[in-house]
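Asks: Structure for this input, please:
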Amino acid sequence: MDILLNQLVAGLSVGSVLLLVAVGLSLTFGQMGVINMAHGEFIMVGAYTAYVVQMVVSSAGISLLISIPLAFITGGLFGVLLEQVLLRYLYHRPLDTLLATFGVGLILQQLARDIFGAPAVDVRAPEILRGNVELLGTLIPTSRLFILFLSLAAVAGLAVFLNRSVWGRRIRAVVLNRDLAETNGIDTRATDRMTFFIGSGLAG
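Replies: I've put the predicted structure just below:
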């Protein structure tokens with residue numbers, strides 16, 4: 001029972017991260033027909049953002065609190081840059097976007113190696129996330145629960161944003177019918193940038 005519960009929580013925490021990745025990819029593909037093979041590198045950008053913040057802020061707890069929103073913003077800005085420089089010319093050409101973003105991913109990987117080196121780097125967890133929580137008589141790592149709840153909170157926040165905010169309604173309108181959205185005065189270019197920012201930010 002202990003092993004089963006541990007494996008279940010571990011699987012849910014990993015699956016919740018993949019959920020964030022999938023949500024970001026589905027937003028950009030559903031709206032613009034873009035297959036972004038560099039999406040995994042945006043996860044890397046978020047991870048290295050946390051590492052850089054940790055180098056500046058010595059406290060692991062404070063650096064984590066700073067890293068979470070900053071990684072979202074950094075990943076989002078990388079996504080907007082990619083959209084502005086390359087992908088806006090390739091909308092609804094999935095094969096072209098697949099090949100182009102695959103190349104961008106390789107460039108980002110090599111750039112990370114040049115800046116941070118090939119060996120893996122470590123981001124320290126704050127003291128509060130190093131322990132365990134007893135659940136149904138089983139000790140569950142606090143860090144895994146934190147990952148799970150953070151991912152679910154992000155997805156819930158995105159759902160509220162898409163359904164309750166003006167930008168969310170614009171995004172849904174462009175996904176459903178881009179031409180009709182334009183005739184109703186929606187700036188589809190700005191909406192595309194916002195969508196890419198959110199999708200890439202979730203990966204970060």
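
Asks: ok, the spatially closest residue to Ala181 that is not a sequence neighbour to Met44 distance?
Replies: For Ala181, the nearest residue in space outside its immediate sequence neighbours is Ala173; the separation is 4.3 Å by Cβ to Cβ, 6 or more residues apart in numbering. C-beta coordinates here come from the backbone N, C-alpha and C atoms, glycine included. As defined by Cβ to Cβ, to the nearest Å, Ala173 lies at a distance of 32 Å from Met44.

Asks: More neighbours: these two, which one.
Replies: Neighbour tally, Ala173 and Met44, criterion other Cβ atoms under 10 Å: the higher count belongs to Met44, 20 against 17.

Asks: Surely the more buried one forms part of a helix?
Replies: Yes. Secondary structure of Met44 (DSSP: H, G, I helix; E, B strand; the rest coil): part of a helix.

Asks: how much space between it and Arg164?
Replies: 32 Å.

Asks: Pull out the buried positions in the strand or helix carrying Leu18.
Replies: Using DSSP states H and E, Leu18 maps to helix 2-32. By neighbour count on 16 or more other Cβ atoms under 10 Å, the buried set for helix 2-32 is 6, 9, 12-13, 16, 19-21, 23-25, 27-32.

Asks: same question, stretch 174-186
Replies: Of the residues in stretch 174-186, those buried by neighbour count under the rule 16+ other Cβ under 10 Å are Val174, Val175, Arg178, Ala181, Ile186.

Asks: ok, and what's touching that stretch?
Replies: Judged by Cβ atoms under 8 Å, 6 or more residues apart in numbering, the contacts made with stretch 174-186 from elsewhere in the structure are Gly30, Gln31, Arg170, Ala173, Thr188, Thr191, Asp192, Thr195.

Asks: As TSV, the residues you listed with distance to Gln109, secondary structure and pLDDT would be great.
Replies: Rendered in TSV, the data for these read as follows (distance: Cβ to Cβ, whole Å; DSSP: H, G, I helix; E, B strand; the rest coil; pLDDT from 0 to 100):
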residue	distance to Gln109	secondary structure	pLDDT
Gly30	27	helix	73
Gln31	26	helix	72
Arg170	34	helix	86
Ala173	36	helix	83
Thr188	32	helix	81
Thr191	30	helix	84
Asp192	26	helix	82
Thr195	24	helix	84
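
Asks: what are the ranges of the strands in this protein?
Replies: For the chain, strands defined by DSSP state E occupy the ranges 132-135, 138-141.
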